[in-house]
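Student: the sequence and its predicted three-dimensional model are supplied below.
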Amino acid sequence: MSRVGKNPVVLPASVSATLSGSILTVKGPKGELKTAIHKDMNVAIEDGQVTVTRPSDLKQHRALHGTTRANIQNMVLGVTEGYKKTLELVGVGYKVELLGSTLIMNIGFSHQMAFIPPKGITFEVATPTQLHISGIDKQLVGQMTAKIRAVRPPEPYKGKGIKYAGELIRRKAGKTAKS
């Protein structure tokens with residue numbers, strides 16, 4: 001039995017979950033999320049808990065069991081607390097600003113980079129070199145954060161670029177002159 005999959009997902013009082021066909025809908029104070037449940041997984045909602053069971057011990061069913069339960073848990077956390085990731089810009093002249101809901105970044109290119117947030121994502125500029133990305137969908141927040149970071153990932157010599165808050169950049173030694 002999957003150690004993750006066998007645990008039920010406890011629904012707080014402010015969260016409701018409904019299952020119609022293979023679509024699970026979770027509603028909470030921050031919004032509503034929907035996901036499709038794999039046809040082989042059995043999901044039951046009773047007594048303020050969501051339980052996931054699998055039909056057999058096939059490798060695919062074992063993998064889906066824990067994944068399905070973790071995705072449901074992420075949905076419940078998203079509609080109650082939300083998710084937030086922070087990016088930091090490191091480099092001379094690197095800065096970020098918000099025009100309306102559009103994110104404008106100066107990151108060493110000859111032009112500015114603009115990002116329009118997808119539905120459900122909000123940008124917040126804490127300082128000119130720090131950006132917060134938040135939303136209720138964990139996967140969407142992580143995907144948008146990775147997409148922004150991929151424009152200028154940190155380089156290993158000076159550490160210039162866009163990095164996650166708290167990310168450790170492995171530095172390389174520069175070239176040395178012959179003497």
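Tutor: Yes, it's here.

Student: need phi/psi at residue 89.
Tutor: Dihedral pair for residue 89: phi -100, psi 130, per degrees, to the nearest 10.

Student: and it, how far from residue 141?
Tutor: 18 Å (Cβ to Cβ, to the nearest Å). Every C-beta, even on glycine, is put in place using the N, C-alpha and C of the backbone.

Student: can you show me the helices along the protein?
Tutor: Applying DSSP state H to the chain gives helices spanning 59-80, 138-149.

Student: format those helices as JSON lines; extra columns: mean pLDDT.
Tutor: JSON lines is the format used below for the helices of the chain (pLDDT from 0 to 100):
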{"stretch": "helix 59-80", "mean pLDDT": "93"}
{"stretch": "helix 138-149", "mean pLDDT": "95"}
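
Student: and the ones you listed: which comes nearest residue 102?
Tutor: Taking Cβ to Cβ, helix 138-149 is the member of the helices of the chain nearest to residue 102, at 12.7 Å.

Student: contacting residues around the closest one?
Tutor: The contact list for helix 138-149 (Cβ atoms under 8 Å, 6 or more residues apart in numbering) reads 74, 77-78, 83-85, 87, 103, 105, 115, 117-118, 120-121, 131, 133-135, 162-164.

Student: residue 103 pairs with what?
Tutor: With DSSP bridges as the criterion, residue 103 is bridged to residue 98, residue 115.

Student: who touches it in this structure?
Tutor: Each residue near residue 103 by Cβ under 8 Å, 6+ apart is listed here: 96-97, 114-117, 123, 125, 131, 148.

Student: swap in residue 126?
Tutor: Contacts of residue 126 (Cβ under 8 Å, 6+ apart): 86, 132.

Student: next one, pLDDT for it please.
Tutor: For residue 126, the model assigns a pLDDT of 92.

Student: gap between it and residue 158?
Tutor: 23 Å.

Student: apart from its chain neighbours, what residue comes closest to residue 12?
Tutor: residue 80 (5.8 Å; Cβ to Cβ, 6 or more residues apart in numbering).
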